[in-house]
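In: Let's see this in three dimensions:
(one chain, ligands or ions: 2)
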Amino acid sequence: SCVHPDRPEPLDLHLGMFLPTLLNQATPEQMERFFTPAWNLRIIGTYAQTEMGHGTHLRGLETTATFDPSTQEFVLHSPTISSIKWWPGGLGKTSNHAIVLAQLHTQGRCHGLHAFIVPIRDMDTHVPLPGVVVGDIGPKFGFSEVDNGFLKLEHVRIPLDNMLMKFAKVEPDGTYVKPPSAKLTYGMVFIRSMIVGQSALALAKSCTIAIRYSAVRHQSELRPGEPEPQILNYQTQQHKLFPVLAAAYAFTFVGQYMKDTYRRISGDIHAGDYSQLPELHALSAGLKAFTTWAANAAIEVCRMSCGGHGYSRSSALPDIYVEFTPTCTYEGENTVMMLQTASRYLVKSYRQASVGQRLQGSVSYLSEAAAQRLRPRPVSGGAAPLSTQDLLSLVHLYQRRAASLVELAAKSIQQELQRGRSQEEAWNHSSIDLVRASDAHCHFVVVKLFVDKLEQVDDAAVKAVLSTLALLYALKGLADNSGDFLQAGLLTVPQATRVSARIKELLEELRPDAVALVDAFDLNDRKLNSVLGRYDGNVYEHLYEWARQSPLNATEVHESFHKYLKPLRSRL
Ligand SMILES: CCCCCCCCCC/C=C\CCCCCCCC(=O)SCCNC(=O)CCNC(=O)[C@H](O)C(C)(C)COP(=O)(O)OP(=O)(O)OC[C@H]1O[C@@H](n2cnc3c(N)ncnc32)[C@H](O)[C@@H]1OP(=O)(O)O
Ligand SMILES: Cc1cc2nc3c(=O)[nH]c(=O)nc-3n(C[C@H](O)[C@H](O)[C@H](O)COP(=O)(O)OP(=O)(O)OC[C@H]3O[C@@H](n4cnc5c(N)ncnc54)[C@H](O)[C@@H]3O)c2cc1C
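Out: Ligands and ions are numbered 1, 2, ... in the order given. Here you go, the predicted structure:
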């Protein structure tokens, strides 16, 4: 059957991680030896980092690569059951090579995790090579098209030159040469950055299906005696779907920003300037977690808003969910990513700002907040006036919420330390606050980027409708997180009431443009693969046709009648 353009595929890891890792970490000689045949699919690779016992804790990975100077080889070995590589996409049956992340041992010392290119199957027969035990990990929640696999290495020898040595090196005598920065060997920033755009696409597809279907589905009575209305005219249906529509636009702009930022900073890194790597790591980790959690929940809102037909595979919504949901786990489990952004960036920046350092990039607002703390507080102490129309003032409100939650997390750590807890315990006992701080920081970044994007829109009508979407996104976020804003003294209860009223007005304003706004994503029927989301809105005829094609309908009387029902009857 033809490959559906957006379905997971066995070659995803080859394209999405094996090739990019070579590009980022291979020497010119290794590019020649591996990239060319990999580009021509002679070499098919995967990225084998996760083990049965460890996915998040990289320093806990157990696979070893021990250098043998007498033969100029590394010996790759899986020492325990928990060290068996587990999950890599395309590993089970497709790949003939793997980039294996292993603890490097040379001259009796361990130098931590490094990347090694390991042939795992014969290039011609595809039979596993000696010392290689490889296979599929079995059925999963979804991703049934992908052979996520396991790999057990039994003292497998590879040449010295199979260690990716663009940054770290091992000399022929076994001497280890450190990389310019230990962070360069982590990788994964590329895919995390790309996943932000995947979140936008998943939202765009889901709300296109749900809003188009809601425009053709008529149900119940709004006014007695009148024809059944479009379900899109129900305020609750708009309250479910229009914030998802707004988020789809917001994440589209954030996804573009993330890709541009990745391209810019990875260019600097290739030129030897590593100064922006912390910002890139923090931004990609945080936005990957923020956008995938939000999109994951929103896909389910779209499915349920389509009633029973949303549960049918003909809607495509179950498949979109099943294929999207692992983004919250892979490429950095979301909670762990949020903690990375908070602990390795936000709290560090907060402390720098607190001693007067001028911060750049996405945390520059922490300098402004630190300066604010030094000024006398206004006597009123109350929340500033709230405009439910002025986007810039809402951006500032999100900025102040983020600064407040970063400060709360930093102070929690300080309080835990003052209680006598160790550094590690103090951080662990503040981790809920740390995740909240990261979430608020990412939320501010998303709202700010949405509003910044409007400045680039020239067409007045487009700018007006996008501004309405941006307002809805910002106010809905304010309503959903009103506890944060109230706790930070940034919102009063009367203001919260005004926000709810304004949201209702915006839903009404957006109703006439809702279908045009999803059409603007320009997702054709093949890409959507959804009977409910068809551009022509001809749902019922195609739903009936889709059902008729079901394999169960190949015969009028299914064999189960003769095999089971009839014999059962005769015994009753
Ligand atoms: C030619 C190209 C063609 C392209 C075509 C594209 C077609 C694409 C189609 C296919 C699309 C998608 C396919 C992919 C599908 C997805 C498959 C999923 C794959 C995986 O899941 S791979 C495995 C993912 N695993 C992880 O992410 C592990 C998560 N854990 C960690 O990252 C780490 O354990 C940790 C949580 C960061 C903790 O590590 P550690 O304890 O060692 O580090 P510290 O917290 O102490 O921090 C130390 C220091 O390092 C900095 N840092 C940490 N990580 C990074 C990083 N990634 N980058 C940069 N810097 C990092 C951290 O900030 C600290 O710095 P400091 O000391 O504070 O200055
Ligand atoms: C569909 C799919 C495809 C994948 N493809 C690949 C691949 O191609 N290559 C590859 O190498 N891997 C792949 N993986 C593995 C994936 O990267 C890991 O599952 C992921 O990194 C999470 O690690 P884990 O499974 O060990 O979960 P764990 O880290 O065990 O997480 C379990 C729970 O523990 C919590 N936790 C863990 N550490 C901390 C902490 N420090 N602080 C607070 N809470 C914590 C987490 O938040 C989570 O709630 C894939 C996984 C899936 C589902």
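
In: For Pro139, see how far away the closest residue to ligand 2 within the chain is.
Out: Closest approach between the chain and ligand 2, counting by CB to the nearest ligand atom: Gly55, at 2.2 Å. Using the backbone N, CA and C atoms, a C-beta is placed for each residue, glycine as well. Distance, Gly55 to Pro139, using CB to CB, to the nearest Å: 19 Å.

In: Neighbour count for those two, which is higher?
Out: More crowded of Gly55 and Pro139, by other CB atoms under 10 Å: Gly55, with 18 against 8.

In: so who does the more buried one touch?
Out: Neighbour list for Gly55: Trp87, Glu333 [criterion: CB atoms under 8 Å, 6 or more residues apart in numbering].

In: what secondary structure does it sit in?
Out: coil (DSSP: H, G, I helix; E, B strand; the rest coil).

In: That one and Ala516: what is the separation?
Out: Counting by CB to CB - Gly55 and Ala516 are separated by 43 Å.

In: Over to Thr252?
Out: 16 Å.

In: Not counting sequence-adjacent ones, nearest residue to Glu228?
Out: His218 (4.0 Å; CB to CB, 6 or more residues apart in numbering).

In: Let me know how buried the residue nearest to Gln49 when sequence neighbours are not counted is, in neighbour terms.
Out: In space, and not counting its chain neighbours, Gln49 is closest to Leu101: 4.2 Å by CB to CB, 6+ apart. The number of residues packed around Leu101, counting by other CB under 10 Å, is 24.

In: element containing Leu101?
Out: Element membership for Leu101 (DSSP states H and E) is strand 97-106.

In: Endpoints of stretch 338-352, how far apart?
Out: In stretch 338-352, first residue to last residue: 20 Å (CA to CA, to the nearest Å).

In: Let me fix that, I meant to ask about stretch 149-160.
Out: The straight-line separation of the ends of stretch 149-160 (CA to CA) is 26 Å.

In: pLDDT of that stretch, averaged?
Out: For stretch 149-160, the mean per-residue pLDDT is 98.

In: so does that stretch get close to ligand 2?
Out: No. Using CB under 6 Å from any ligand atom, stretch 149-160 stays clear of ligand 2, coming no nearer than 9.1 Å.

In: buried ones in that stretch?
Out: By neighbour count with 16 or more other CB atoms under 10 Å, stretch 149-160 contains the buried residues Gly149, Phe150, Leu151, Lys152, Leu153, Val156, Ile158, Leu160.

In: contacting residues around Ala369?
Out: Ala353, Arg400, Ala403, Ser404, Val406, Glu407.

In: Count the neighbours of the residue nearest to Glu228 for me.
Out: Residues near His218, counting by other CB under 10 Å: 12.

In: how about Val146, what does it touch?
Out: Pro8, Glu9, Pro10, Asp12, Gly89, Gly90.

In: Who's the closest spatial neighbour of the fourth one, skipping the chain neighbours?
Out: Right, Asp12. Nearest non-adjacent residue to Asp12, counting by CB to CB, 6+ apart: Gly89, 5.6 Å away.

In: where's that neighbour relative to Glu368, distance?
Out: 43 Å.

In: Neighbour count for those two, which is higher?
Out: Using other CB under 10 Å, the more surrounded residue of Gly89 and Glu368 is Gly89, with 26 against 15.

In: Quick check: which element contains the more buried one?
Out: Gly89 belongs to no helix or strand, assigned by DSSP H and E.

In: List the contacts of it.
Out: Contacts of Gly89 (CB under 8 Å, 6+ apart): Pro8, Pro10, Asp12, Leu13, Thr46, Tyr47, Phe143, Val146, Asp147, Asn148.
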